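K.L.:
The sequence and its predicted three-dimensional model are supplied below.
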Amino acid sequence: MAEKVRIDKWLWAARFVKTRSLAAEAISGGRVHLNGVRAKPSKEVAAGDIVEITLGQTQWTVTVLKVSDRRGPATEAQLLYEESDESRERRMREAAQRRMAAPLGAELGARPTKRDRRRIEAFRERTRGEDD
């Protein structure tokens, strides 16, 4: 265990991302902040630092407890950080909202029937002729 380690290695070791290149990409894309400041992949983290991570629709705010530059089992990775209570509650609330939301495209209804599709095509042909 080292006293400080690069943030891209730490994110990989803590299992927030699958590869170091994905960690570096997330950091370069501005989705990782270290102590409230946008980080660079080579920035070093130490115990006690606060890391804010946004991956997809999920946000974490974690405090670094330990640093490691090697990727181990998930049980070891969970010992590297502690998620804040507010972050955990926010993640759970947002996950519940996503589960409760209607699936994408649900408001469109059923697929068009063959008859509907022919009417749509006929309408498109009529309107295409008016644009000329």
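P.N.:
Structure received.

K.L.:
Can you pull up the most central residue in this protein?
P.N.:
Geometric centre of the chain, nearest residue: residue 55, 1.7 Å, by C-alpha atoms, centre = their mean.

K.L.:
does it have beta-bridge partners, and which?
P.N.:
Beta-bridge partners for residue 55, by DSSP bridges, are residue 58.

K.L.:
if I look at it, how far off is residue 29?
P.N.:
Per C-beta to C-beta, to the nearest Å, residue 55 is found 10 Å from residue 29. C-beta coordinates here come from the backbone N, C-alpha and C atoms, glycine included.

K.L.:
Quick one: the strands in this structure, in order.
P.N.:
Along the chain, counting by DSSP state E, strands occupy 4-6, 32-34, 37-38, 44-46, 50-55, 58-64, 81-83.

K.L.:
wait, the residue nearest to the centre of the chain sits on residue 16?
P.N.:
Yes - when contacts are counted by C-beta atoms under 8 Å, residue 55 is listed as touching residue 16 (6.8 Å).

K.L.:
out of the strands of the chain, deepest packed?
P.N.:
strand 32-34 (a mean of 21; mean count of other C-beta atoms under 10 Å).

K.L.:
Strand partners (parallel or antiparallel) of that strand?
P.N.:
Take DSSP bridges as the rule and strand 32-34 pairs in its sheet with strand 37-38 (antiparallel), strand 50-55 (antiparallel).

K.L.:
rewinding a little: of all the strands of the chain, which one is nearest residue 98?
P.N.:
Comparing those against residue 98 with C-beta to C-beta, the closest turns out to be strand 58-64 (9.9 Å).

K.L.:
Show me what stretch 84-95 is in contact with.
P.N.:
Stretch 84-95 has contacts (C-beta atoms under 8 Å, 6 or more residues apart in numbering) with 57, 58, 59, 60, 61, 62, 63.

K.L.:
repeat that for 6 Å
P.N.:
When contacts are defined by C-beta atoms under 6 Å, 6 or more residues apart in numbering, stretch 84-95 is touched by residues 60, 61.
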